[in-house]
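Peer 1: sequence unknown, structure follows:
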């Protein structure tokens with residue numbers, strides 16, 4: 001009779017261990033949080049210098065979400081608000097906004113967006129001008145020439161070029177690649193290149 005009771009207790013203990021093991025396994029898999037998602041919604045994606053952009057976000061993160069924003073060239077450049085207002089005082093293209101939202105039941109949700117800030121007044125930024133030739137400062141003898149060439153890039157078409165050759169002949173040019181410019185007198189001279 002006694003031995004039978006021991007056997008029954010042993011079977012119950014084994015059954016309890018088995019059930020506990022199943023519950024622990026279930027609890028482990030259930031603790032793996034699903035990644036949350038989010039979407040950033042600015043009230044404008046292209047603004048001018050000095051403008052303020054209002055940001056909001058949608059998310060499926062559960063519980064009480066916590067927000068962590070970053071704003072490239074923005075003021076402020078970080079925020080923990082769910083709907084921050086950010087001022088942009090300098091121009092830039094594809095300025096990055098990032099957001100991480102954390103909650104109690106999800107792993108963090110991460111998302112990003114970009115905006116463009118144009119010059120105040122709606123103007124187009126000036127072309128970017130590069131003197132390709134010569135690529136560096138050069139030293140020549142009196143009467144020798146230097147070959148000049150340049151490149152100008154812009155968001156829209158470049159319509160005119162302007163070179164100024166201090167001490168050179170010719171002293172100016174409206175060509176993108178003006179070619180040979182001679183220098184008859186010894187000295188240190190500067191060449192400048194602009195475009196519109």
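Peer 2: All right, it came through fine. The structure presented is a predicted model; accordingly, all values stated were derived computationally and were not measured.

Peer 1: from the chain's centre, how far out does stretch 79-92 sit?
Peer 2: Distance, stretch centre to chain centre, for stretch 79-92: 14 Å (Cα atoms, centre = their mean, to the nearest Å).

Peer 1: Now do that stretch, average pLDDT.
Peer 2: The average pLDDT within stretch 79-92 is 95.

Peer 1: So for that stretch, what gets flagged as buried?
Peer 2: Within stretch 79-92, the residues scored as buried using 16 or more other Cβ atoms under 10 Å are 79, 84, 86, 88, 92. For the C-beta atoms, the positions are set from N, CA and C on the backbone; glycine is no exception.

Peer 1: What is the end-to-end distance of that stretch?
Peer 2: 20 Å (Cα to Cα, to the nearest Å).

Peer 1: Output the below-cut-off pLDDT ranges for this structure.
Peer 2: The chain contains residues with pLDDT under 70 at 1-34, 106, 121-124.

Peer 1: and which of the buried residues of stretch 79-92 is nearest to residue 120?
Peer 2: Closest approach between those and residue 120, by Cβ to Cβ: residue 88, at 10.7 Å.

Peer 1: so what's the closest one bridging to?
Peer 2: With DSSP bridges as the criterion, residue 88 is bridged to residue 51, residue 74.

Peer 1: Please tell me how far it sits from residue 100.
Peer 2: Distance of residue 88 to residue 100, computed by Cβ to Cβ, to the nearest Å: 21 Å.

Peer 1: picking that back up, just the ones of the buried residues of stretch 79-92 in helices?
Peer 2: Using DSSP state H, no member of the buried residues of stretch 79-92 falls in helices.

Peer 1: Save those residues as CSV, and put in distance to residue 185 too.
Peer 2: Shown next, in CSV, are those (distance: Cβ to Cβ, whole Å):
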residue, distance to residue 185
79, 61
84, 61
86, 56
88, 49
92, 44
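
Peer 1: How is residue 67 assigned, secondary-structure-wise?
Peer 2: When classified by DSSP: H, G, I helix; E, B strand; the rest coil, residue 67 comes out as strand.

Peer 1: and it, how many neighbours does it have?
Peer 2: 19 (other Cβ atoms under 10 Å).

Peer 1: If anything else comes up later, I'll come back, but that's it for now.
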